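J.: Just need the structure, nothing else, for what follows:
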Amino acid sequence: MSGMLGVDGDGDSKELVDVTLQYFVGCPHWETTDRYLETLLAAGETIAIRYQLIDGHDAAMERGFRGSPTVLVDGVDPFSDPEARVGLACRVYRTDHGTVGSPTIDQLRAVIASAQDGR
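T.: Below is the predicted model of the structure:
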């Protein structure tokens, strides 16, 4: 994805941030994360959203999947918890309002901005 340009909400060209949403069908929280990402995209964030279905235990082990939803920003999990087990499970995120099943829209905005700033 590197090198692809998008136009942000201010009309400026910026390199797209590659965001991959990893999920499995049995956990509904990925849909919340998807809505947040689509909202950010509609608001002018320069992101390209990809979806990666983790369709079984073997796929989870192969990809080091630590739960649904997992958000990869330019291939890196910014919410990584090295103590989380690899496998098919719903993931939890620490927020200002306790633990929830999806990162907040503000958390997603912040990790996207950090990736953009790091370029």
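
J.: Give me the three-state assignment for the residue nearest the centre of the chain.
T.: Note on the chain: the residue nearest the mean C-alpha position is residue 71, at 2.3 Å, using C-alpha atoms, centre = their mean. Following DSSP: H, G, I helix; E, B strand; the rest coil, the label given to residue 71 is strand.

J.: My understanding was that it contacts residue 109; is that so?
T.: No. Look at residue 71 against residue 109 with C-beta atoms under 8 Å: they stay out of range, at 11.9 Å. To be clear about C-beta, it is placed using only N, CA and C from the backbone, and glycine gets the same treatment.

J.: So what touches stretch 27-46?
T.: Applying C-beta atoms under 8 Å, 6 or more residues apart in numbering, the contact partners of stretch 27-46 are 5-10, 14-17, 19, 21, 23-24, 47, 49, 51, 67-69, 71, 89-91, 101-105, 108-109, 112, 116.
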